[in-house]
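Visitor: any chance you can model this:
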Amino acid sequence: MVYKISVTGTAVAEEVEKPSVWKEVVLSFIASLPFLTHGIEATELYATSHSGNFIDSPEKVPWNATALILAAAVTAPILCYISDKFGRKVGIFIVSLTQGISCIPLFLPPNFITTLILHVVAGISTGGLFTILPIYICEINSIKNRGLCLSFMMVMTTLAYVMKLVIDLETMMYLMAAVVMIQLLSMLCLIESPSYCVMAGKMEIAKAKMSKLKCLENDNPNLTKELEILRDESYRAKSHGKLTLAHILRNLIWRDATKIGVLLHTTMVLCGSIVFLDQDKTLMQLRIPSDPDRMLVLVGMFVGSLVTFLLILFVERKYILTFGYITMVLSMGVLAIYTQIDLTVTSLRWVPVAALAILVFGYGVAWGFPTIIVVEIYNLEIRATMVGTLFTYSQIIKLIHIHTYQYIEDYMGIFVLFYIFAAINIYAGVYGLFTIPNLKDKTVKQIEKQLKRIPLIKL
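Guide: Reported below is the predicted structural model:
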């Protein structure tokens, strides 16, 4: 409600139309469809967005997995640059197009060449999937719904994992092709990010795009206020001069945000998913029949992601993340006992099974937060640059991790590694709880004010 002064000098109350949120949520859901495609595809790949994967490999680390990770690492900053230069919709179109191309090898007779091509193309789409799409979803949503819509990423991906349990492979492939077609057609419905338009200096276009998103008239005070917030955010960043990666890291606030991003990505890669996503290896001491579908793992991840989706609108991000890490630590302690060398489990055989289910549930709660937090924490002018850079960093860490893990396991044993992974997760949970700023219902300016402090270690 606003007050206007009438001709007679009296204040007259006038109702102001509030922004609508339904279009933001619907467009976020449409923009998240590539995550469903990615989840369907990931169940047949030797590398996924996690350190572990869902199929057994005849080799320790197949070349296909290396090719996928390298393609994702190289492509992410390139696609982020394209989205900064030509718009977020162009980046989303490239992701959907590459996912469509990756369908072709799936329908061809499997051999080394087609499998390698599949993994390279899937890597290219993955590089844009976990960078451009979260950026777009973050930028088209109000601060109230931002977390909820970003968590579509987690639910859609893990939902596709679970679909593998009830749909045969051939049907899944046709379903993937159908979803890709829907993605490409839905590009006509997507509205360009107002943040990108402000960044490009197209204020009138930004106003028109935001008017469509919020379902408001161009002269609505709420619309003007949101545009002013974006313009102020853009001016604050541009006032620092040329925004190269080196200049960004010289800024104490942005460097502090980058430290958080680096630690979140590092700990999520090293959290132990390379072990516990392999259900048979984790439960090998029970001598139970193999489960090639990994039902326990897939269902646990989906339930955990669903819990995050239901909580993120009401609970601060760092508390959910810490809850996920604590859950993982407690269950890892139990599994470390049951995976000791030459141990024969004769009683309470349900305990390690329950511990694995809880462990994967905790991972399902937490796995998407490095992406969600990094997207929310940066200024719109540097968001794509830093998200792409941090994603590339995470892929490099993952590549080193998967190539060195087996040697470490052979030397130490799985039960020792569970203790090491638990220690990493304890550190990640404590660090996240006390270092990550409050993000729920906060603008970028409010987030940056929380980061404006003297760091413990000046780097």
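Visitor: which residues touch Val121?
Guide: Contacts for Val121 were tallied using C-beta atoms under 8 Å, 6 or more residues apart in numbering; they are Ala71, Thr98, Ile101, Ser102, Pro105. In this view, the C-beta of every residue, glycine as well, is placed from N, C-alpha and C.
Visitor: between the residues you listed, which sits nearest Met187?
Guide: The shortest approach to Met187 among the contacts of Val121 belongs to Thr98, at 13.7 Å (C-beta to C-beta).
Visitor: if we can go back for a sec, okay if I get the contacts of Val121 as JSON lines plus neighbour count, distance to Thr48 and pLDDT?
Guide: JSON lines is the format used below for the contacts of Val121 (neighbours: other C-beta atoms under 10 Å; distance: C-beta to C-beta, whole Å; pLDDT from 0 to 100):
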{"residue": "Ala71", "neighbour count": "22", "distance to Thr48": "14", "pLDDT": "94"}
{"residue": "Thr98", "neighbour count": "24", "distance to Thr48": "16", "pLDDT": "93"}
{"residue": "Ile101", "neighbour count": "16", "distance to Thr48": "19", "pLDDT": "91"}
{"residue": "Ser102", "neighbour count": "25", "distance to Thr48": "14", "pLDDT": "87"}
{"residue": "Pro105", "neighbour count": "20", "distance to Thr48": "17", "pLDDT": "83"}
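Visitor: which one of those residues is nearest to Trp254?
Guide: Of all the contacts of Val121, the one sitting nearest Trp254 is Ala71; the distance, using C-beta to C-beta, is 27.9 Å.
Visitor: if we can go back for a sec, wait, which of the contacts of Val121 is closest to Ile30?
Guide: Proximity of the contacts of Val121 to Ile30 was ranked by C-beta to C-beta; the top entry is Thr98 with 17.9 Å.
Visitor: ok, the residue nearest to the closest one when sequence neighbours are not counted - how many residues close by?
Guide: Of all residues not flanking Thr98 in the chain, Ser125 sits nearest, at 4.1 Å (C-beta to C-beta, 6 or more residues apart in numbering). Neighbour count for Ser125, taken as other C-beta atoms under 10 Å: 26.
Visitor: hmm, Ser125 is touching Ser102, no?
Guide: Yes: applying C-beta atoms under 8 Å, one finds Ser125 in contact with Ser102, separated by 6.4 Å.
Visitor: hang on, the earlier thing: in TSV: the contacts of Val121, plus secondary structure and distance to Glu233.
Guide: TSV is the format used below for those (DSSP: H, G, I helix; E, B strand; the rest coil; distance: C-beta to C-beta, whole Å):
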residue	secondary structure	distance to Glu233
Ala71	helix	33
Thr98	helix	31
Ile101	helix	36
Ser102	helix	36
Pro105	helix	42
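Visitor: just the residues you listed now: which is nearest Tyr196?
Guide: Distance ranking of these against Tyr196, using C-beta to C-beta, places Thr98 first at 20.7 Å.
Visitor: right, and that closest one touches Gly123 too?
Guide: No: using C-beta under 8 Å, Thr98 is not in contact with Gly123; the gap is 9.2 Å.
Visitor: state the distance from the residue nearest to Thr98 to Ser186.
Guide: Distance of Ser125 to Ser186, computed by C-beta to C-beta, to the nearest Å: 16 Å.
Visitor: tell me where the protein has strands.
Guide: For the chain, the strands defined by DSSP state E occupy 2-5, 11-14.
Visitor: could you give the number of residues near Lys281?
Guide: Around Lys281 there are 15 residues (other C-beta under 10 Å).
Visitor: got a list of what it touches?
Guide: The contact partners of Lys281, by C-beta under 8 Å, 6+ apart, come to Val275, Ile414.
Visitor: distance check, it against Ser305.
Guide: Distance from Lys281 to Ser305, by C-beta to C-beta: 23 Å.
Visitor: just the helices in the stretch 101-250 of the chain please.
Guide: 112-129, 132-140, 146-150, 152-163, 169-186, 194-199, 203-214, 221-238, 245-250 (DSSP state H, counting those that start in this stretch).
Visitor: adding distance to His38 and mean pLDDT, write those helices out as JSON lines.
Guide: Formatted as JSON lines, the helices of the stretch 101-250 of the chain follow (distance: least, C-beta to C-beta, whole Å; pLDDT from 0 to 100):
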{"stretch": "helix 112-129", "distance to His38": "6", "mean pLDDT": "90"}
{"stretch": "helix 132-140", "distance to His38": "10", "mean pLDDT": "95"}
{"stretch": "helix 146-150", "distance to His38": "15", "mean pLDDT": "94"}
{"stretch": "helix 152-163", "distance to His38": "6", "mean pLDDT": "93"}
{"stretch": "helix 169-186", "distance to His38": "9", "mean pLDDT": "87"}
{"stretch": "helix 194-199", "distance to His38": "23", "mean pLDDT": "93"}
{"stretch": "helix 203-214", "distance to His38": "25", "mean pLDDT": "90"}
{"stretch": "helix 221-238", "distance to His38": "30", "mean pLDDT": "89"}
{"stretch": "helix 245-250", "distance to His38": "27", "mean pLDDT": "89"}
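Visitor: and of the ones you listed, who's closest to Phe391?
Guide: Per C-beta to C-beta, nearest to Phe391 of these: helix 112-129, 7.1 Å.
Visitor: so that closest one versus helix 132-140, what angle?
Guide: Angle of helix 112-129 versus helix 132-140, following axes from the mean of the first three to the mean of the last three C-alpha atoms, to 10 degrees, is 20 degrees.
Visitor: tell me the angle helix 112-129 makes with helix 152-163.
Guide: Using the same axes, to 10 degrees: helix 112-129 against helix 152-163 is 150 degrees.
Visitor: now could you export just the CA positions of helix 112-129 as PDB?
Guide: What follows is helix 112-129, C-alpha atoms only, in PDB (Å, rounded to 0.1, in the frame of the first residue of the first chain):
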ATOM      1  CA  PHE A 112      34.400 -47.900 -27.600                       C
ATOM      2  CA  ILE A 113      33.900 -44.900 -30.000                       C
ATOM      3  CA  THR A 114      30.200 -44.400 -29.400                       C
ATOM      4  CA  THR A 115      30.700 -44.700 -25.600                       C
ATOM      5  CA  LEU A 116      33.500 -42.200 -25.700                       C
ATOM      6  CA  ILE A 117      31.500 -39.800 -27.800                       C
ATOM      7  CA  LEU A 118      28.600 -40.200 -25.400                       C
ATOM      8  CA  HIS A 119      30.700 -39.300 -22.400                       C
ATOM      9  CA  VAL A 120      32.400 -36.300 -24.000                       C
ATOM     10  CA  VAL A 121      29.000 -34.800 -25.100                       C
ATOM     11  CA  ALA A 122      27.500 -35.600 -21.700                       C
ATOM     12  CA  GLY A 123      30.500 -33.800 -20.200                       C
ATOM     13  CA  ILE A 124      29.800 -30.700 -22.300                       C
ATOM     14  CA  SER A 125      26.200 -30.600 -21.200                       C
ATOM     15  CA  THR A 126      27.200 -31.200 -17.600                       C
ATOM     16  CA  GLY A 127      29.500 -28.200 -17.700                       C
ATOM     17  CA  GLY A 128      26.600 -26.000 -18.500                       C
ATOM     18  CA  LEU A 129      24.000 -27.900 -16.500                       C
END
